[in-house]
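Q: got a predicted structure plus its sequence, pasted below:
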Amino acid sequence: MSIVTRRVSDLSGAEAADDAFVTVIVRKDDRIETPVQLDALASEVSGLESAEKLTHLQIKTRGGQSWEIICNQADFDALAQDGRKMDEVLGQLPGTKGRPKGSRNLATSNGNSA
């Protein structure tokens, strides 16, 4: 008796030799709660292109709602108006943690450790 193992694509159901397959790990998608992996023919995913220059945003409402967006950097840059450039806008903003940009602790900067 023999056991025959067939390898098929999770995307198309197509059968092929082992070396024709790649493993695709889906780390984040609104339709899944945790990362999943699938087997696919290399030719099935070869048309996917890596998106370059993405901006990852978190948007929060005053009411406590929050969601994340990943968008093209060019689309985000277009939000700056009145002749302003997003590089300049971002360079003037405070960080999300710690003291505001450019500030310093006067008690320790002059040698005193009050």
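A: Great, that's in hand.
Q: when you work out contacts or count neighbours from here on, use the C-alpha atoms and nothing else.
A: Fine.
Q: give me the residues contacting stretch 52-59.
A: Stretch 52-59 is contacted by residues Ser66, Trp67, Glu68, Ile69, Ile70, Cys71, Asn72, Gln73, Ala74, Phe76 when judged by C-alpha atoms under 8 Å, 6 or more residues apart in numbering.
Q: quick one: buried residues of that stretch?
A: Of all the residues in stretch 52-59, not one is buried under the rule 16 or more other C-alpha atoms under 10 Å.
Q: pLDDT on that stretch, on average?
A: For stretch 52-59, mean pLDDT is 90.
Q: centre of the chain to that stretch, how far?
A: 7 Å (C-alpha atoms, centre = their mean, to the nearest Å).
Q: again with stretch 48-58
A: Relative to the chain's own centre, stretch 48-58 is displaced by 6 Å; criterion: C-alpha atoms, centre = their mean.
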